[in-house]
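Novice: Any chance you could fold what I've pasted below:
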Amino acid sequence: MKAQHGLALLMAALVMPLACTAENYRWDAVAMGGGGFVTGVIPSKSERGVVYARTDVGGAYRWDQNSARWIPLTDWIGEADIGLLGIESLAVDPRNAANVYLLAGTSYFSNGKTAILRSSDYGKNFTVIDVSSQFKAHGNGMGRQNGEKLQVDPGASNVLYTGTRRNGLYRSSDYGATWNRLAGLDLTTTPNDNGISFVLLDPTSATAGAAKRIFVGVSRLASVGPNLYFSADGGATFTAVKGGPTTALMPQRAAISSKGKLYITYANGAGPYPVTGEPMDNGQIWEYNAVGGNWANITPAGAAHPYSGISVDPANPKHLVASTINTWLPQGANSYGDRVYTSLDAGRSWTDVVARGFALDGAGVGWISNGASIHWAGAIEFDPFDAKNVWVGSGNGLFKTANIDAATTTWAFDVAGIEETVPFNFEAVPNGPLVSVIGDFDGFLNTDPAQYGIQHSPQMGTTSGLAVAALDGRIMARAGSSLYYSSNGGASWNKSAVINGAQGQLALSADGYVLLHSPADSTTSYRSTNYGGSWTPVTGLAVNNARPVADPVNPAKFYAYDGGSLLASVDGGVSFVAKGSPGSGGSSIIRVAPGREGDVWVCLNGGGLTRSTDSGASFSKIASVNQCGAIGFGKAAPASSYPTLYMIGTVGTTQGVLRSTDAGATWVRVNDDAHQYGGSGNAHMINGDTNVYGRVYMSTAGRGIAYGQVDDSGDVAVTAVANGPGTSQPVNQCSYVVTAAWQGGYNAAVRITNNRSTVISGWSVTWTYTDNSVVQGYWNAAVTGSSPTYTATPNQSWNHDIYPGNTVEFGMTVSGSAIPVVTGDACN
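Specialist: Modelled structure (predicted):
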């Protein structure tokens, strides 16, 4: 085809169909700092700087040296598989640090589903191998801080072993794809349902292939049955090991030296805390030499504490480090916790590192230095490449010292990126911070979700109720074991004189004058006009675990949902009466649009989403929504007069975190398959930010408060080409214009490369020409590894997804010679 000399204008615009992916979103967890139980830390012994950590309810992590933070590896787990965030054990291939395996499952989630998660790229991607029909894990069960039950053979990377709670020992010979029970170890369950406490393979026995010597610890007292087994033939047969502690103790963890000596910690319970019959107040450390069968009690003198963590310096077989567990001794100013011991003579003498000199570095996390301690120190590990570095797990996170030998050992709170709390409520205050209440650690004020916040004080531990006055964000209240209120935006808190029942939910009238409290597991709610100085029962709200909300405009109005009817108060919460029916089966969490009186939204789970604009007198369904699990509001879009809606639910076939800027008429998905967090967890909450358009917060079951916001840093590469490569530029806007000039015989084109981790959907192309020349258009796309050519005419839509790493080329065959130049930006 021929064309006259001149300019061609090529424009591509992103089409946003119903429930497609919106702007590129960046997801993370609100920075609070640890908060949960890091049950294991597993450094690679083959690659310096590669370290993995596991938690009981918050998934697994890998340390990233470049960003100096922990990278979450399991945020891709969806709501149906929420139980897989409980990591019972983690194994790293001793020969290849990129090969990592997780034993995942939680008994009370996902019907107890258990899986082996397998990765060959440092945990960036996993294959899920469902083993539920063979054995069940419980990442949040008793003994969860015990040694690694899952192991990769040091002599054969295809061979793995996993110990179980009720079904004995299993082996895989195909990289974890299939598993077979080893009949040579006749072991089923234990009285504490913890089963096998550790599996340990002797690398010195792997000189000609798979390891021959295998040790298996069992979580039971010797009076109940043998609690240490040994195999000399790669698991074909096992024998009970005689000797060891004669007191009522059970093994916790074990480590093996380069000389083949085994070091085992013991306690009188599975831990991490005492239960009936297992007081967790006594323990020992023992050395066992399989060659000759000799035992030695090497417990630190005068320190009969329960022990758990144990590690051996790979460069020095006599250099040991050990930790107690559930031991509450002075650790710092106003804090009590566990002890750490080191030895340079294989445990014949020990140094109490804490008693010698202890310092805590919060590493920017303010609350950890406020009476907190290193406790439940179930795991302790040397850095295999520098034995001065030591990590120790804790019930509130992970700590690391850079010099275990220092006269005063400083322990840094090593939790950057690890957020493992359970949120119960949160609100973004207009012109103010994000206010949260969480399990165990009260909650925080975060002015920036990426920066550590300020913990509420005075503290009361687990806090479930939160309310902020809509017309005066300085007035707020929170409920836990006590009730506190603030009139200065949470800068200080006052304790209410009276509370009728603990925990539960709160509501503050729009002006902050009336406070309602619905205690946990109660059918009676209470009203106060003096911030808890006195209370009167509310009538007409006989709903167990009621969740009243205040109208954001009219101080006299409150609303609640009883599972079928909308209950409303027009007398300042004194009484409630039934109004209209939004439908049945809905969430107890209802929302009222900010700044709008009587604009009430109710999620009905499988029944969709309903709305009332007359204070609950009547409701209408939102036609686009198939399923709604949670609903919330954020700042309106620049071109919209209505607050932005955020929903966890389903629109059409698209499920996830969805956003609407037109009151629910259309939706776009703002999370992706890599950021699901196991669903909305205990709180079933979502809320937008009232100050930043596009920012959204969601609750999780153990990853804290997840948040997403528009990322305009540029993730699509645009290249102008004409029979060869041109120049690239990052782009971040919603359309682009490319000007191309030519002089005979060249193919002018623009290549769009998706550098995201998510799919781009729904492009269309419009071509216009300044000289109205006839031009033959084509699209050349590299999709899933192939490069088919699609011939098209101007204004035709591109109906294929652009997958991560792939390229779509929009171009034309022309008569010209000049290389086209990118002059605009491309849609992201």
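
Novice: for the protein, which spans come out with low pLDDT?
Specialist: The model of the chain has pLDDT under 70 over residues 1-23, 712-828.

Novice: does the residue nearest to Asn316 when sequence neighbours are not counted count as helix, strand or coil?
Specialist: Closest residue to Asn316 apart from its sequence neighbours, by Cβ to Cβ, 6 or more residues apart in numbering: Ala387 at 7.0 Å. In this view, the C-beta of every residue, glycine as well, is placed from N, C-alpha and C. Assigned with DSSP: H, G, I helix; E, B strand; the rest coil, Ala387 falls in the strand class.

Novice: host element of the most centrally placed residue in the chain?
Specialist: Geometric centre of the chain, nearest residue: Arg703, 3.2 Å, by Cα atoms, centre = their mean. For Arg703, there is no helix or strand it lies in under DSSP states H and E.

Novice: show me the contacts for it.
Specialist: Taking Cβ atoms under 8 Å, 6 or more residues apart in numbering, we find Arg703 in contact with Ala29, Gly58, Gly59, Pro72, Asp75, Leu85, Glu419, Glu420, Tyr677, Gly678.

Novice: and Asn494, how many residues sit next to it?
Specialist: 14 (other Cβ atoms under 10 Å).

Novice: My error: substitute Ser640 in the last question.
Specialist: 14.

Novice: Not counting sequence-adjacent ones, nearest residue to it?
Specialist: Thr661 (4.7 Å).

Novice: my read: that neighbour touches Thr644, true?
Specialist: Yes. With contact defined as Cβ atoms under 8 Å, Thr661 and Thr644 form a contacting pair (5.5 Å).

Novice: For these two, list the residues in contact with both.
Specialist: Shared contacts of Thr661 and Thr644 (Cβ under 8 Å, 6+ apart): Ala636, Ala637.

Novice: Quote the end-to-end distance of stretch 454-474.
Specialist: End-to-end distance for stretch 454-474, by Cα to Cα, to the nearest Å: 16 Å.

Novice: buried ones in it?
Specialist: By 16 or more other Cβ atoms under 10 Å, the buried positions in stretch 454-474 come out as 455-456, 459-460, 462-473.

Novice: Quick one: distance of it to the chain centre.
Specialist: A distance of 23 Å separates the centroid of the chain from that of stretch 454-474, by Cα atoms, centre = their mean, to the nearest Å.

Novice: ranges for the strands of the stretch 101-250 of the chain?
Specialist: Ranges of strands within the stretch 101-250 of the chain are 114-119, 127-130, 150-152, 160-163, 169-172, 180-181, 196-201, 214-218, 228-231, 239-240, 250-256, based on DSSP state E, counting those that start in this stretch.

Novice: and of those strands, who's closest to Asn488?
Specialist: Counting by Cβ to Cβ, Asn488 lies closest to strand 114-119 out of these; the figure is 46.6 Å.

Novice: what residues does the closest one touch?
Specialist: With Cβ under 8 Å, 6+ apart as the criterion, strand 114-119 contacts 73-74, 81, 84, 98-105, 125-132, 135-137, 150, 162, 172, 175-177, 179.

Novice: What's the end-to-end length of stretch 545-553?
Specialist: 25 Å.

Novice: Could you please name the strands the helix or strand containing Leu516 pairs with and the direction of each pair?
Specialist: Element membership for Leu516, per DSSP H and E: strand 515-518. With DSSP bridges as the test, strand 515-518 is paired with strand 505-508 (antiparallel), strand 526-528 (antiparallel).

Novice: Return the subset of the contacts of Arg703 lying in strands.
Specialist: Ala29, Pro72 (DSSP state E).

Novice: can you list the contacts of Arg703 in JSON lines and add neighbour count and distance to Trp295?
Specialist: Listed next are the contacts of Arg703 as JSON lines, based on neighbours: other Cβ atoms under 10 Å; distance: Cβ to Cβ, whole Å:
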{"residue": "Ala29", "neighbour count": "24", "distance to Trp295": "46"}
{"residue": "Gly58", "neighbour count": "33", "distance to Trp295": "38"}
{"residue": "Gly59", "neighbour count": "29", "distance to Trp295": "38"}
{"residue": "Pro72", "neighbour count": "26", "distance to Trp295": "42"}
{"residue": "Asp75", "neighbour count": "22", "distance to Trp295": "45"}
{"residue": "Leu85", "neighbour count": "31", "distance to Trp295": "39"}
{"residue": "Glu419", "neighbour count": "25", "distance to Trp295": "43"}
{"residue": "Glu420", "neighbour count": "28", "distance to Trp295": "38"}
{"residue": "Tyr677", "neighbour count": "30", "distance to Trp295": "47"}
{"residue": "Gly678", "neighbour count": "29", "distance to Trp295": "44"}
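
Novice: just to revisit the earlier point, quick one: which of the buried residues of stretch 454-474 sit in strands?
Specialist: Among the buried residues of stretch 454-474, the members found in strands (DSSP E) are Gln455, Gly465, Leu466, Ala467, Val468.

Novice: Surely Leu329 touches Asp352?
Specialist: No. With contact defined as Cβ under 8 Å, Leu329 does not count as touching Asp352 (9.4 Å).

Novice: one step back: list just the nearest of the buried residues of stretch 454-474 to Ala206.
Specialist: Using Cβ to Cβ, Thr462 comes nearest to Ala206 of these, at 46.8 Å.

Novice: For that closest one, which residues are in contact?
Specialist: Per Cβ under 8 Å, 6+ apart, neighbours of Thr462: Phe424, Ile438, Gly439, Asp440, Gly480, Ser481, Gln503.

Novice: can you check Gly572 too?
Specialist: Going by Cβ under 8 Å, 6+ apart, the list of residues near Gly572 reads Ser509, Tyr513, Val514, Arg527, Pro555, Ala556, Phe558.

Novice: do you know which of the strands of the stretch 101-250 of the chain lies nearest Arg669?
Specialist: Using Cβ to Cβ, the nearest of the strands of the stretch 101-250 of the chain to Arg669 is strand 127-130, at 22.3 Å.
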